[in-house]
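> predicted model and sequence below, questions to follow.
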Amino acid sequence: MARHRYYLGLCLDSMSSCTLKYKQSCATENIYILTTKGRSIYFYSKLSCTTNCEDINILGYAKRTELICCKHQNYCNLPAGA
């Protein structure tokens, strides 16, 4: 499983390929920092291939995590322009 961190469409880690295997989904984990006024500010994204993936939002005290899954094709979780 390859995991890559992206910031505004730019890869922060070394590139390698990640193609879907049987019963896998591509996943994008978007991390947002919460301000004192309760707003979410995008921080970075992590990409991975995973099994049993479900879209979910997790709200913590200082950050919000959004998990988005896609199954329709390889690399479907790459940011636009990557």
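Noted; the coordinates are in hand. All values derive from a computational prediction rather than experimental measurement.

> now residue 61, what's its secondary structure?
coil (DSSP: H, G, I helix; E, B strand; the rest coil).

> quick one: it and residue 27, what's the gap?
Residue 61 is 24 Å from residue 27, where distance means Cβ to Cβ, to the nearest Å. Using the backbone N, CA and C atoms, a C-beta is placed for each residue, glycine as well.

> run the chain-centre distance for the host helix or strand of residue 43.
Taking DSSP states H and E as the criterion, residue 43 maps to strand 40-51. Centre-to-centre, strand 40-51 and its host chain are 2 Å apart (Cα atoms, centre = their mean, to the nearest Å).

> what comes up buried for it?
45, 46, 47, 48, 49 (16 or more other Cβ atoms under 10 Å).

> test my guess that the first one contacts residue 30.
Yes: under the contact definition of Cβ atoms under 8 Å, residue 45 touches residue 30, with a separation of 5.0 Å.

> where does the protein have low pLDDT?
Within the chain, the stretches with pLDDT under 70 are 1-19, 78-82.

> can you show me the strands along it?
Using DSSP state E, the strands of the chain run over residues 4-7, 10-11, 24-34, 40-51, 56-59, 63-70.

> just confirm residue 56 contacts residue 67, I think it does.
Yes: contact criterion Cβ under 8 Å: residue 56 and residue 67 qualify, at 4.8 Å.

> ok, back up a step: among residue 61 and residue 27, which residue is more densely surrounded?
The neighbour comparison of residue 61 against residue 27 (other Cβ atoms under 10 Å) goes to residue 27, with 21 against 5.

> distance of the more buried one relative to residue 37?
29 Å.

> residue contacts, the residue positioned nearest the centre of the chain?
Most central in the chain under Cα atoms, centre = their mean is residue 28, positioned 2.1 Å from the mean C-alpha point. Applying Cβ atoms under 8 Å, 6 or more residues apart in numbering, one finds that residue 28 lies in contact with 45, 46, 47, 67, 68, 69, 70, 77, 79.
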